[in-house]
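K.L.:
sequence and predicted structure, then a few things I'm wondering about:
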Amino acid sequence: WATIRTGSTPAFIAIVSVSYTDGWTDTYLLPIAALSGEAADRILKERPASVLARVTGARKGILVDGILDDDTCSRLLGLIENAREAPTTIGSMRGMLSSPRLDLPPERRWTRGSGDQSNTVAFVSDRYALKLFRRIEPGPNPEFELSEQLLKRGFTRVPALAGGLFYDRQDLEPGTLAVLQRVVGHQGTGWDFTI
C-alpha cells in the first residue's frame, strides 16, 4: 500500500492479494479513501453499498472505494500527470505521461462511469478517462500496450493514450494499474447499446 493523502481523512492505494485453497492467487487494486462530514453523508445516502467500513471513535467517518472521492482521483491523476512515484511497503507506484502535458482546466470536475464494466472509470472535466484495472498482473496491460503502440504510429481512430500508472516490485515485471485516455465525444457506446 501507498499513502496518497495524509491528515484526518487519509487515502491509500492498496494492492490486495487473494489466495485460494487450490493454490491460485489473484492480485487486485483497491484505492481507499477515508471520508467524514458532508462527504461521508453524501456517499451513505447515494451509494451505501460502496462503504467498505464505518469508522467510530475519535475519528468518525467511513472508508470507501477511492474512485468515488474526487480528491483521491485527483491525486491518482497527479501521479500520472507529474510522472511521480509513490513508495509502497514492498515496491512503488509510478506515473507516466505519454504527452507533453494534459489539456485540463484549473478547476477539475470528476464524474464516474457506470458500474456495468469490468474496470472502473472516472472522467475528469469530460476530457480524460482514468481507467483503473482492478485485477492486476505482472507485465503491461494489453490495453495500455496496444494504445501506446497506436499512439506511436499516429493512429487516431481510438481514444488517445495520455498516460499510465504502474506498480513496480523487485523481481516482477511492472504491472499496469491504470490508463489515462482522451475522451472521444460521441452519442453513446457499443456497451450502452448492448446493455
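P.N.:
Okay, I see it.
K.L.:
does Glu148 lie in a helix or a strand, and which?
P.N.:
Taking DSSP states H and E as the criterion, the element that holds Glu148 is helix 142-152.
K.L.:
got a list of contacts for that helix?
P.N.:
Helix 142-152 is contacted from outside by 98, 131, 133, 158-161, 164, 176, 179, 181, using CB atoms under 8 Å, 6 or more residues apart in numbering. The way it works is simple: take the backbone N, C-alpha and C, and place the C-beta from them, glycine included.
K.L.:
now do stretch 90-101
P.N.:
Here stretch 90-101 makes contact (CB under 8 Å, 6+ apart) with 2, 13, 78-86, 148, 151, 160-170, 174, 177.
K.L.:
so what would you say the end-to-end distance of that stretch is?
P.N.:
End-to-end span of stretch 90-101 (CA to CA, to the nearest Å): 30 Å.
K.L.:
next: stretch 41-50.
P.N.:
Start-to-end, stretch 41-50 (CA to CA) is 12 Å.
K.L.:
what's the first helix or strand after the helix holding Glu148?
P.N.:
Downstream of helix 142-152 (by DSSP H and E), the next one is strand 161-169.
K.L.:
helices of the protein, residue ranges please.
P.N.:
Using DSSP state H, the helices assigned to the chain run over residues 37-46, 70-81, 142-152, 190-194.
K.L.:
any chance of those in a markdown table, plus distance to Gly91, mean pLDDT and mean neighbour count?
P.N.:
Output for the helices of the chain, formatted as a markdown table (distance: least, CB to CB, whole Å; pLDDT from 0 to 100; neighbours: other CB atoms under 10 Å):
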| stretch | distance to Gly91 | mean pLDDT | mean neighbour count |
| --- | --- | --- | --- |
| helix 37-46 | 30 | 93 | 14 |
| helix 70-81 | 14 | 96 | 21 |
| helix 142-152 | 18 | 90 | 15 |
| helix 190-194 | 33 | 75 | 9 |
